[in-house]
Structure formats: structure tokens, C-alpha cells
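S.K.: Curious how this folds, go ahead:
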Amino acid sequence: MKKTLIALAAVAASGAAFAQSSVTLFGIVDLNVRNVRQGGDNLTTLSQDGIASSRLGFRGVEDLGGGMSAGFWLEGAINPDTGGTALNFQRRSTVSLMGGFGEVRLGRDYTPTFWNHTVYDPFGTNGVGSSINTFTALGSGASTLVRADNTIAYFTPNLGGFGAQVQYAFKETTAANAANEYAGVRLTYAAGPLSAALATASEGSTVATDSFKRTNFGVAYDFGFIKPMAQYTQGKFGAAKVNHYLIGLVAPLGAGNIKASYVRSDYNAAAGDQDANQIAVGYDYNLSKRTALYGTFARVSNKNGGTKSVVGATHPVAAPVTAGGTSTGFEVGVRHAF
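M.R.: Numbering: from 1, shown residues only. This is a model prediction of the structure:
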């Protein structure tokens, strides 16, 4: 159960009183035993974030009257396998004004183009089955594949199932190149069992005046007994290009869900032509609304000297992948949300 705290009225130095309507403490702890085989190595570890990212956060809302409200969201990653380091709020740190006009949001947040990667991935871009294991920014140095700093965004209200998000991230430097610069838009439709979204963005670079360009589309349809989904992403940086595809499904079985996906990333010659395929299957078993047991298996097959891994480029837990070789991962764990 989420812990909702009723904030007390505070009196500022000027004597003015400020009341917060509500503040909620929330979080997720996700731990697993993971085995990874790659580069001739075989390593078993206690790891985390198999089906959800471990986190601790605070969010609040204040009723301003007249149909308007203000809100904040502070959310940070935690490392429950080791106890982690000092908590920061780099997952999300935003303040918002909301009303019939929609929402204006400022701060560090997910980018519009990342949403399609995770919403239309049966594994939600978590664990060894994440669809972005084989996707890269083509050496551009762009730091906005998932989140961006210093953003201002606008979200439309729901307009008969249609919606939109527009986001701009200030680079906050006079340099020509900035990894955090971002300008993107996402158009969505969700009504009944159908969900679809299109997003496109120009993203910063640290190595050239060219921007990293990303456009993606996702679609899902919930038949009840099965929910198939698909996504397509094209990334461009100068002459380098990647076409990234996913087909997947989520199907209820017993007290849980079967998940499966096939991912293919095709890189052109300018990007090294280092293509990769990934297959992933998993099952989540819900012990309650907040607690689940899970198991996931994934395998990445590289071509033409590629070195993509089931644990991604930033979280290696075994020897580097042999050029053109495979990476295999299996994890069994528990996730608890509060």
C-alpha cells in the first residue's frame, strides 16, 4: 500500500502559510539471481531490475482551485543488492502546473522518443530481455536516449483518445555540441484495446555539429487472452543509420503473464554494419498486487564484429562479448512495489 502523508501547514519567515494537499512515498525493490555467459566467461551474480527499476520517490499535488493544481515528482534509483550510494533524484525531478489545458512540466524527465521503446516492449526495457540492449546512439555521444536534463514539456489533455507531448531540453552551454540538447514530440492514441504512438526528435552530440535523429512508432492491441505489440525505430547520425525492430507479446497465464519478444537491429556500413538479433522469453507470477516472482531468458546474436550484450553496454557483469559472438542471460527474482 502506498504511504500517503498529509503534509502539515508550514509558516514561512514572512508569516505566510503554505499547505500541501498530499505527499506520497513510493518505491520498488527488484532483486534477482542472474547468470550471464559471454566472451568465454560464465558469471552468476545477485543483480537487480529484472522486470522493474528499483527506486524510491516522493510525489505531491496541491489543489490551486479553479481546476488547477501544482505538483512535484522526485524519484531516484536505488541499488538494493549492495545498499547503494547516496540517493539522488536522477530518475525524475520535475515540477508541474496542471489543469484543463493539460500539463506544463519542468525538470529532468523521460524523453518522448524513449517512451515508445519501453511502452511497446513486453519487458519494459528492464532486465536481460530489454529491447534497447542492441540499440545505440551511433557514436554521437547523445545522452538523451532515456532521459534529458533541463527540460520544459507540455502534455495535452486527453482529446477523444488522442494526446501529444512536446519537450525541449536546454543545452546550457555556448559550445556548438551538447550531449543533452533535445527537441522532440510524441503523438499518442489510446482507446479501448488499441494503443499507438509516433515520436520523433533531434538529439545532441558531443562529437559533431550533426544531431542524432530518432523516429519511432509503436502499436499494441489487447485481445484479452493475448496482447501483441510491435515497434520500429530509425536512428541517424551523419551517414550512420540503424533500423531497430521489435515484435512481442504479453499473455495472461494463471496468476501471471508470459512475455516474449524478438528484436533486430540493422546497422549500415557507416555504423560498422554490426547487426544484432535478440530473443527473450519470461514469466511473471503475481503473489499479490504488489509482489511478483519472475524468470527471464534472453540471447543476443551479433554479426560482423558486433559486441551487443544482454546486460547492455553500461552494466557489464562478465567478460566483454567476443566480436561477432553471442551473449546469453537468465535471471530469477522477486519484485515488490510499495
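
S.K.: In the protein, which residue is most central in space?
M.R.: Taking Cα atoms, centre = their mean, the centroid of the chain lies closest to T118, which sits 5.1 Å from it.

S.K.: any idea what sits nearest that one, other than its immediate chain neighbours?
M.R.: Leaving aside its chain neighbours, T118 sits nearest to T125 (4.3 Å; criterion: Cβ to Cβ, 6 or more residues apart in numbering). Yep, even glycine has a C-beta here, placed from its N, CA and C like the rest.

S.K.: can you count the residues close to the one you found?
M.R.: 18 (other Cβ atoms under 10 Å).

S.K.: On the pLDDT front, check it for me.
M.R.: On the pLDDT scale, T125 is placed at 98.

S.K.: so what's it up against?
M.R.: H117, T118, S131, I132 (Cβ atoms under 8 Å, 6 or more residues apart in numbering).

S.K.: can those residues go into CSV with extra columns for pLDDT?
M.R.: What follows is the contacts of T125, written out as CSV (pLDDT from 0 to 100):
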residue, pLDDT
H117, 98
T118, 98
S131, 98
I132, 97
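
S.K.: any low-confidence regions in this structure?
M.R.: 1-20, 85, 313-316 (pLDDT under 70).

S.K.: swap the cut-off to 90 and go again
M.R.: Scanning the chain for pLDDT under 90 picks out 1-21, 83-87, 173-178, 207-210, 312-319.

S.K.: Select the longest strand from it.
M.R.: strand 22-38 (DSSP state E).

S.K.: For that strand, which helices and strands make contact with it?
M.R.: strand 3-5, strand 41-48, strand 55-65, strand 326-337 (3 or more Cβ pairs under 8 Å, 6 or more residues apart in numbering; DSSP states H and E).

S.K.: Can you get me a residue count around P252?
M.R.: For P252, using other Cβ under 10 Å, the count is 12.

S.K.: Run through the residues that contact it.
M.R.: Per Cβ under 8 Å, 6+ apart, neighbours of P252: F225, I258.

S.K.: cool, and the one 3 residues further on?
M.R.: Listed by Cβ under 8 Å, 6+ apart, the contact partners of A255 are Y285, N286, L287.

S.K.: The last one touches Y294, doesn't it?
M.R.: No. In this structure L287 lies outside contact range of Y294 using Cβ atoms under 8 Å: 10.7 Å.

S.K.: More neighbours: those two, which one.
M.R.: Neighbour totals were compared for L287 and Y294, and Y294 leads with 24 against 13 (other Cβ under 10 Å).

S.K.: the strands in the stretch 101-250 of the chain, which residues?
M.R.: Applying DSSP state E, counting those that start in this stretch to the stretch 101-250 of the chain gives strands spanning 102-110, 147-155, 162-169, 182-191, 194-203, 212-221, 227-237, 240-253.

S.K.: Extract the CA atoms of the first one and return them as PDB.
M.R.: Included here for strand 102-110 are C-alpha records, laid out as PDB according to Å, rounded to 0.1, in the frame of the first residue of the first chain:
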ATOM      1  CA  GLY A 102      -3.100  19.900 -19.900                       C
ATOM      2  CA  GLU A 103       0.200  19.900 -18.100                       C
ATOM      3  CA  VAL A 104       3.400  22.000 -18.200                       C
ATOM      4  CA  ARG A 105       6.300  20.100 -16.700                       C
ATOM      5  CA  LEU A 106       9.900  21.300 -15.900                       C
ATOM      6  CA  GLY A 107      12.900  19.400 -14.900                       C
ATOM      7  CA  ARG A 108      14.700  16.100 -15.600                       C
ATOM      8  CA  ASP A 109      12.400  13.500 -17.200                       C
ATOM      9  CA  TYR A 110      11.900  10.800 -19.800                       C
END
